[in-house]
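Undergrad: sequence and predicted structure, then a few things I'm wondering about:
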Amino acid sequence: MLKGWLVPTESDLLVVCLCADWCGVCRDFVPLFEALQAEHPEWHLRWVDIEDQADLVDPVEVDDFPTLLVARGNAPLFLGTIRPRREAIERLVQDCQGAGTLSEPSALSGPLLARLRAGPAPAHPA
């Protein structure tokens with residue numbers, strides 16, 4: 001287990017993709033997610049399979065894919081579904097960097113972030 005795999009400092013931005021291996025949209029999203037990770041090392045991008053790591057995700061219901069959690073330190077800034085397009089993701093993350101919270105995060109987003117921070121490091125997307 002890697003301790004602190006989610007955001008080493010309060011100022012770092014974390015982007016967690018909540019997806020599922022069986023989901024075609026998620027599988028198609030992997031190359032873009034990996035490219036964003038390579039192009040934006042200042043963003044801490046992580047992939048969480050909602051079934052393989054259900055104990056960390058529950059009770060959050062992920063109905064659409066991809067669902068992103070964006071946070072700074074212990075503060076969730078966004079939890080929701082986004083179109084799996086480079087421009088949409090870059091705009092979302094840049095808006096979070098500049099303005100902070102984009103909308104009132106779900107009451108479940110803080111506990112989800114805490115579970116993810118305490119849990120094991122996720123597997124790399126296949």
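TA: Yes, it's here.

Undergrad: for the helix or strand containing residue 47, which helices and strands make contact with it?
TA: According to DSSP states H and E, residue 47 maps onto strand 43-49. Under the contact criterion of 3 or more CB pairs under 8 Å, 6 or more residues apart in numbering; DSSP states H and E, strand 43-49 touches strand 13-19, helix 24-39. C-betas here are computed from N, CA, C, even on glycine.

Undergrad: can you name every helix or strand that the last one contacts?
TA: For helix 24-39, the contact count by 3+ CB pairs under 8 Å, 6+ apart identifies strand 13-19, strand 43-49, helix 86-99 as packing neighbours.

Undergrad: quick one: average pLDDT of the helix or strand just after the strand holding residue 47?
TA: As assigned by DSSP H and E, the chain's next helix or strand after strand 43-49 is helix 54-57. Average pLDDT, helix 54-57: 80.

Undergrad: go on, stretch 106-126?
TA: On average, stretch 106-126 scores 70.

Undergrad: can you list the low-confidence ranges for the protein?
TA: Scanning the chain for pLDDT under 70 picks out 1-10, 99-105, 119-126.
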